[in-house]
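Visitor: Would you be able to build a 3D model of this:
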Amino acid sequence: MSNVIVFMSDEHNPRYSSPYGHEFVDTPNMQWLADHGTLFEQAYCPSPLCVPSRSAFLTGKRVHAVKAYGNNRGNTPPETHGLGAVLGDEGVHSVFIGKVHAYRPVAELGFSETIETHDLGWGFDKATRRRPLAVRQDAERRLDNYGIHEWPWKNDVVYMDAAVEWLRTRAPEVDRPWVLYVNLVKPHFPHFCTDELWDKYRDHGDLPAHGLEAATAQHPYAADLRRHFALERVEEHQVRGLRRGYYACVSFVDGQLGRLRSAVTDAGLANTTNLVYTSDHGEMLGKFGLWWKCNLLEDAARIPMIAAGPDFEAGVRVATPVDLHDLQASVFSLTGAQKPGGWLGVPLAASTIGNGNRFVFSEYHGHGARASSFMVRRGDWKLIHNVEAPHQLFDLGNDPEELENQYEADPAKAEELSACLAGICDPAAADREAEALWERQRRSHEQEAGADATDGPAQASA
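Guide: Below you'll find the predicted structure:
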């Protein structure tokens, strides 16, 4: 039995790191983790949005099962026994630090300790309407949020200080296996940074290789996202500045990973502790004229997954697709705990066998698209089933940038992956359930706003 540290950043596209092949984004600690551990080349999130992805990870369920469809969390069914409580039942000490942004408040997840947590996003987001598609007010302001800032990291440093302190003082005293979840907000927008990191990338305010000219950029769901976020007239200087700032934020996260590594060594825990770096979803960073996440293309749905420690082989790269559920299953297996029967995931070590029949699944029901979408990845092939738009099929082995939709050209492969999807859910039915919940939330919000208006000025929505 070993201990586990899960270090989860927010919105890190793995392509922007040296272990995944980027030429200049400086991530020496991620590289060290890959050189001394196991890197999973094709790792995916359960959903490319914060609350759905984190909620699925913390419950061992699909997003459509836990019904955390977006960043509004009202009316979601409460879990009666959270992850921390499940681990506690199995004799594992659990600690949660940092960003929560999940289906329930952190106090209801049952962790043994919660330290310096920030539970974001409990307000109602009026821009979640899908039919007709809502346009997010003032979204264009995000496009200028980059560059030097006097307080760029907000509470991330506080979270890291707490994690380092716990490892150096508390961890050596725990007399049973433990798991430490450390959650940062970066490199999530805004792409502010220090003057030192801004200067580090002074020659790298580049442009994405594929923009609006690509056929994939013209897909109806991509057009929806650009309309929702007011992305039709992004200036070149904004693209360059946002990308430069993002690189700086990734380097900041890498530095915090280095702090965790040092703390583990200083506390004498290196021989008994596994360290895993991952993220909750990716970032489009201007590709196809898209920013942030909210779609199932590779740059938004893929995540980093790198693990090192006594239970992971050094210098190994695994091509088999995996996801955050597999990481959660690994926490149970590594600490000697029994994973609940209904929870998803296979321990990551088992994925090294390279099972060609294995597939992973992701889904999106949130803001910025007219309807839900569902992804299946098996081997080199990936299907995106769009409920109210043409489906997409990509041969990622030959087309890693997703430039050519093969759905019409290869109906046999499309049918094969559609069968995998059908074994998980009925896409049309799941879309209807998501839409019904959105409508209930909107009606509830309107009723509450109306009641507030009778007593005084309505409260501003989040």
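Visitor: The strand ranked longest in the chain pairs with which strands, and in what direction?
Guide: Longest strand in the chain by number of residues (criterion: DSSP state E): strand 178-187. Sheet pairing here is set by DSSP bridges, and for strand 178-187 it gives strand 3-10 (parallel), strand 93-99 (parallel).
Visitor: right, and those - which one's nearest Tyr201?
Guide: strand 3-10 (17.8 Å; Cβ to Cβ). Every residue, glycine included, has its C-beta placed from N, CA and C.
Visitor: So what touches that closest one?
Guide: 50, 99, 167, 171, 177-188, 253, 256-257, 260, 264, 269, 272-281, 309, 327, 330-331, 334-335 (Cβ atoms under 8 Å, 6 or more residues apart in numbering).
Visitor: The residues you listed, buried ones only, as a ChimeraX selection?
Guide: Here is the ChimeraX selection string for the buried members of the contacts of strand 3-10, based on 16 or more other Cβ atoms under 10 Å:
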select :50,99,167,171,177,178,179,180,181,182,183,184,185,186,187,188,253,256,257,260,264,269,273,274,275,276,277,278,279,280,281,309,327,330,331,334,335
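Visitor: related to what we said a few turns ago, would you reformat the strands paired with strand 178-187 as TSV and include distance to Glu404 and mean pLDDT?
Guide: Below are those laid out as TSV (distance: least, Cβ to Cβ, whole Å; pLDDT from 0 to 100):
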stretch	distance to Glu404	mean pLDDT
strand 3-10	31	98
strand 93-99	37	97
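Visitor: Following the chain onward from the longest strand of the chain, which element is next?
Guide: Next along the chain after strand 178-187, taking DSSP states H and E as the criterion, comes strand 191-193.
Visitor: which residues touch that next one?
Guide: Strand 191-193 is contacted from outside by 145-149, 152, 241-242, 244-246, 248-249, 252, using Cβ under 8 Å, 6+ apart.
Visitor: In TSV, list these along with neighbour count, distance to Asp224 and secondary structure.
Guide: Listed next are these as TSV, based on neighbours: other Cβ atoms under 10 Å; distance: Cβ to Cβ, whole Å; DSSP: H, G, I helix; E, B strand; the rest coil:
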residue	neighbour count	distance to Asp224	secondary structure
Asn145	15	22	coil
Tyr146	25	25	strand
Gly147	17	29	strand
Ile148	15	34	strand
His149	17	31	coil
Pro152	22	31	coil
Gly241	19	25	helix
Leu242	25	21	helix
Arg244	22	28	helix
Gly245	26	26	helix
Tyr246	26	23	helix
Ala248	29	30	helix
Cys249	30	27	helix
Phe252	21	32	helix
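Visitor: Show me which pair in those is furthest apart.
Guide: Spatial extent of these (Cβ to Cβ) is set by the pair Gly241 and Phe252 at 16.5 Å.
Visitor: The longest strand of the chain: how far from the chain's middle?
Guide: Mean-position distance between strand 178-187 and its chain equals 12 Å (Cα atoms, centre = their mean, to the nearest Å).
Visitor: can you pull the contacts of Leu297?
Guide: 216, 284, 287-288, 290, 384, 402.
Visitor: I'd like to know which of those residues is nearest to Arg440.
Guide: Of all those, Arg440 sits closest to Ile384, with 27.2 Å by Cβ to Cβ.
Visitor: List the strands paired with the helix or strand where that closest one lies, with their directions.
Guide: Assigned by DSSP H and E, Ile384 belongs to strand 381-386. Counting by DSSP bridges, the strands paired with strand 381-386 are strand 373-378 (antiparallel), strand 392-395 (antiparallel).
Visitor: same question for it, mean pLDDT?
Guide: Strand 381-386 carries an average pLDDT of 98.
Visitor: How about that strand, which residues are buried there?
Guide: For strand 381-386, a neighbour-count test (16+ other Cβ under 10 Å) marks 381-386 as buried.
Visitor: for those, which one is nearest Phe394?
Guide: Nearest member of the buried residues of strand 381-386 to Phe394, counting by Cβ to Cβ, is Lys382, at 4.9 Å.
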